[in-house]
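In: here's a sequence, model it:
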Amino acid sequence: MIIEKDINFYKRLYAIAIPVSLQTLLSLGINLADNFMIGKLGGVSLSAVAIANQFYTILHYTCLGLGNGCAVLTGQYYGAGKNKEVRSLVALLYKLTFGIVLSFITVTLLFKANIMDMYSNSAEVTNLAAEYLGMLTPTFIFMAINVVSCSWLRSIGIVKVAMLASSVSFLLKLGINYVLIFGNFGVQPMGIKGAAIATMAARGVEFLIIVVYILRYEKKVCLKLGDFKGQDKELTKLFLKKGQPVLFSDMMIALGQNGVSIVMGNISASMLAASSIATTVVQISAFTLIDLTGAAATLVSNSAGSGDTKRAYRQGVTSSMLSFITGIGSSIVIFLLRDFIVSLYTLDAYTADMTYSMLTVTSVIVFFTATGCVLSKGILRGGGDTKYLMVVDIIFLWTVSIPLGYFVGIVLGMPPWVAYLCIRLDEVFRFSICLHRLFSKKWIKVFTKTA
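Out: Numbers count the residues shown, from 1 in each chain. The predicted structure is shown next:
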């Protein structure tokens, strides 16, 4: 097996991975703050926020797809020393992002009640969710710009600004949540309305930090407002060719995850609440140890862009082996902390038992989630294998997880933890396919010479 022996690789890997890991953890911490504090309000409030955030996730994944699709290109062009092309690609990225966000905001404001009705058969939950989503809508533009900016900055090795922005955002979110949700310091308690206001304020400050940095302090590619005039047609075609599969893949994953939430919400509101807790735990445990995904994508794409495909392969294999350690660590942590995690929430006995069972399943599945993410979203995507990954990302989620979860949970009425296991089986299939693809070397595709 080929393992990267150059010590500089490990220095660069962790120089990117550690700040990215902290930034991701802090960003997830914003969601955790809602999840934990709202959990103190009871299962109805927790379920309402969970389904509203699932719909919000569609936009998040869409922007992530745009940003990561662009990052595949900017990483290679930056590795090839072509900064003019990087600036042109980033300008196109922002134009597309604005168009998508405005469309999403319009749909949300017009149909938020109808949308929330799809997620649960509880009118109490959906009405509260629609109210929360409506208040959250102004946050969409902040989140979108933050996500795509962090993606392309990471592709050229800039990660500390995202960590700083997320740190400030996290602390602000915690403080405002504490005051507004529960009514501390003489303020009237606002419940989930307070959480929505806190999210908007936190994301807004994060947005300001990132935008000011890009326009005034970023010195590697030096993006200027003048770069938004006109557009390179050849680069646009390349973006659509190589970036579109990433966008489509992430959008279909987001829609698939929403399909999963709809299935669980129609099984019971308790399952939705339990799943929300399990999902948050997976996100934190998988990325707390070391977030190798972004680092692997950056280094592999830079190596491929410079034409050194052998080095790209060594880096890919090495990153995958490191991710196995991360995955095993995540599994052990979740398994050992199941009781403690459940005790953090105010849940009825049935929901608490269901959450414990789901965390047991999660302690196994998280290995495949963590390692599969590094393989697909990091290594293979960084190497330019976007079309293949699009198929892999979509096929198992839509042909295995959602249909099987629906059949087992709703048609057969089996225990919720069994349905949850079936819903997460796509993670196992994706890991297996991507691991085979890694060793085939077919994923390394250099395209900087075509533009």
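
In: what's near enough to touch L215?
Out: Applying Cβ atoms under 8 Å, 6 or more residues apart in numbering, one finds that L215 lies in contact with 223-225. In this view, the C-beta of every residue, glycine as well, is placed from N, C-alpha and C.

In: quick one: which of the residues you listed is most hemmed in?
Out: L223 (21 neighbours; other Cβ atoms under 10 Å).

In: now do that one, the pLDDT please.
Out: For L223, the pLDDT comes out at 85.

In: and for S27?
Out: So, for S27, pLDDT stands at 65.

In: also the one 5 residues further on?
Out: If you check L32, the pLDDT there is 64.

In: same deal with V101?
Out: 94.

In: with the one 10 residues further on instead?
Out: If you check F111, the pLDDT there is 91.

In: S149 too?
Out: 93.

In: cool, V107 as well?
Out: Predicted confidence (pLDDT) for V107: 91.

In: ok, now L208?
Out: On the pLDDT scale, L208 gets 95.

In: count the neighbours of it for me.
Out: By other Cβ under 10 Å, neighbour count at L208 equals 13.

In: what kind of secondary structure is it in?
Out: Of the three states, L208 takes helix under DSSP: H, G, I helix; E, B strand; the rest coil.

In: how near is it to L164?
Out: Counting by Cβ to Cβ, to the nearest Å, the gap from L208 to L164 is 12 Å.

In: I433 against V392, yeah?
Out: Yes - taking contacts as Cβ atoms under 8 Å, I433 lies within contact range of V392: 5.3 Å.

In: quick one: which of the two has more around it?
Out: Ranked by neighbour count (other Cβ under 10 Å), I433 and V392 place V392 first, with 22 against 19.

In: tell me which element the more buried one is part of?
Out: helix 386-396 (DSSP states H and E).

In: now do that helix: distance to the chain's middle.
Out: Chain-centre distance of helix 386-396: 17 Å, with Cα atoms, centre = their mean, to the nearest Å.

In: which other residues reach that helix?
Out: 69, 72, 242-243, 245-246, 248-250, 252-253, 256, 376, 380-381, 425-426, 429-430, 433-434, 437, 442-443.

In: which residue lies farthest from the center of the protein?
Out: Distance from the C-alpha centroid of the chain, by Cα atoms, centre = their mean, peaks at G186 (36.2 Å).

In: could you measure from that one over to A195?
Out: From G186 to A195 the distance is 19 Å (Cβ to Cβ).

In: and stretch 345-352, what's buried?
Out: 345, 347, 351-352 (16 or more other Cβ atoms under 10 Å).

In: next, the distance between the ends of stretch 416-436.
Out: When the termini of stretch 416-436 are compared using Cα to Cα, to the nearest Å, they are 32 Å apart.

In: what does it contact?
Out: 260, 263-264, 267-268, 270-271, 274-275, 278, 320, 354, 357-358, 360-362, 365, 368-369, 371-372, 375-376, 380, 389, 392-393, 396-397, 400-402, 404-405, 408-409.

In: give me that answer again for 7 Å
Out: Contacts of stretch 416-436 with the rest of the structure, by Cβ atoms under 7 Å, 6 or more residues apart in numbering, involve 260, 267, 271, 275, 354, 357-358, 361, 365, 368-369, 371-372, 375-376, 380, 392, 396-397, 400-401, 404-405, 408-409.

In: center of this protein - which residue?
Out: Nearest to the chain centroid, counting by Cα atoms, centre = their mean: Y61, 6.4 Å.

In: check contacts around that one.
Out: Contacts of Y61 by Cβ under 7 Å, 6+ apart are 250-251, 253-254.

In: so what's it closest to, chain neighbours aside?
Out: A254 (3.3 Å; Cβ to Cβ, 6 or more residues apart in numbering).

In: also T126?
Out: M116 (4.3 Å).

In: show me what contacts the one you found?
Out: 51-52, 126, 129-130, 133.

In: quick one: what helix or strand has it in it?
Out: Per DSSP H and E: helix 83-117 holds M116.

In: next secondary structure element downstream of that helix?
Out: With secondary structure assigned by DSSP H and E, helix 83-117 is succeeded by helix 123-136.

In: three-state assignment of T369?
Out: Per three-state DSSP, T369 ends up helix.

In: any idea which helix or strand carries the residue nearest to the centre of the chain?
Out: Counting by DSSP H and E, Y61 is part of helix 43-79.
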